[in-house]
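[1] pasting the structure only:
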């Protein structure tokens, strides 16, 4: 099978995701495995009936069909159709007429109780931090 490579407008710097593999498209064998987050510069792309492939400058210079699938970089497959969500008019109407019942606010937290003197003693002392670092006058 002959692959038609087209130059990208400018080289793309991409990062591999898990299980990235450089593949020989002529034979189908794997040339090299790459770990996640490996930075590569791709300069050409090839869109086939099944997948989109990218190749590096080195593969281009040596005229090799060594390439990465678009999914190796998390890029979309350009041949795959996009997903369209269809809503029927009855579904829209049902969503619009649905009313939600009011929900009672539930509080399960306990209210903190104040000391009988209104907390005057704690305000004067300012807590353990202020007591510990209290400045001495004089």
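    Right, received. Where do you want to start? Treat the numbers as computed from the prediction; the structure is a model and nothing was measured.
[2] CA atoms for contacts and neighbours, from now on please.
    OK.
[3] Okay, now the unreliable bits of the chain?
    The model of the chain has pLDDT under 70 over residues 1, 79-126, 135-138.
[4] what about the helices in the chain?
    For the chain, the helices defined by DSSP state H occupy 57-61, 89-97, 120-125, 127-132.
[5] Just list what the shortest one packs against, helices and strands only.
    Pointing back at helix 57-61 there. strand 39-47 (3 or more Cα pairs under 8 Å, 6 or more residues apart in numbering; DSSP states H and E).
[6] which strands and helices sit next to the strand it packs on?
    Going by 3+ Cα pairs under 8 Å, 6+ apart, strand 39-47 lies up against strand 6-15, strand 52-56, helix 57-61.
[7] list the buried ones in that strand?
    40, 42, 43, 44, 45, 46, 47 (16 or more other Cα atoms under 10 Å).
[8] Quickly note the distance from the closest residue to the last one other than its chain neighbours to residue 5.
    Here the nearest residue to residue 47 in space, its sequence neighbours aside, is residue 53; by Cα to Cα, 6 or more residues apart in numbering that works out to 6.4 Å. Shown here: residue 53 relative to residue 5, a distance of 9 Å by Cα to Cα, to the nearest Å.
[9] which of these two has more neighbours?
    Taking neighbours as other Cα atoms under 10 Å, residue 53 and residue 5 compare with residue 53 leading, 26 against 16.
[10] re the thing from before, mind putting the helices and strands packed on strand 39-47 into JSON lines with distance to residue 29?
    Listed next are the helices and strands packed on strand 39-47 as JSON lines, based on distance: least, Cα to Cα, whole Å:
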{"stretch": "strand 6-15", "distance to residue 29": "22"}
{"stretch": "strand 52-56", "distance to residue 29": "15"}
{"stretch": "helix 57-61", "distance to residue 29": "15"}
